[in-house]
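> The sequence isn't on hand, but the structure is:
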């Protein structure tokens, strides 16, 4: 159990420090093109690998460019995490795109569209019944 809590604590610290690096540390122009949000961080049990899931807002072309910039900066992020977290070995950082928010947004749009269509059908049905 203690090991699990430590991994969670390290993941939270990595998320905080990586967020700070996104704002002030990474100077790659590709990363600055889109709005990047860290949605979650998964750290392996041995603390040697971490996956940073990011949500990127913008055009598809820009999203790919931002992710490429983040991946190029992963060694820099690893070095900074090692310094900031005082870890013996900083974890290898892998940036992955989290499409959950995009999927949620598209589902909400579909539900809104279905609701509007249902209301339109009900209104048309009411008008037909009223005319008869």
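Received it, and whenever you're ready, just let me know what you need. Source: prediction; values computed, not measured.
> Going by C-alpha atoms from here, please, whenever you check contacts or count neighbours.
OK.
> would you list every one of the helices in this protein?
2-20, 29-32, 60-72, 74-85, 100-131 (DSSP state H).
> got these as a markdown table, with mean pLDDT columns?
Putting the helices of the chain into a markdown table (pLDDT from 0 to 100) gives the following:
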| stretch | mean pLDDT |
| --- | --- |
| helix 2-20 | 85 |
| helix 29-32 | 79 |
| helix 60-72 | 86 |
| helix 74-85 | 89 |
| helix 100-131 | 80 |
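> do you know which of those lies nearest residue 38?
helix 2-20 (6.9 Å; C-alpha to C-alpha).
> can you pull the buried residues of that closest one?
For helix 2-20, burial by neighbour count (16 or more other C-alpha atoms under 10 Å) applies to 7-8, 10-15, 17-18.
> before we move on, what about stretch 44-61?
Going by 16+ other C-alpha under 10 Å, stretch 44-61 has these buried residues: 47, 50-57.
> where's residue 75 relative to residue 93, distance?
7 Å (C-alpha to C-alpha, to the nearest Å).
> Quick check on the two: which one has the bigger neighbour count.
Remark: of residue 75 and residue 93, residue 93 carries more neighbours, 24 against 15, as counted by other C-alpha atoms under 10 Å.
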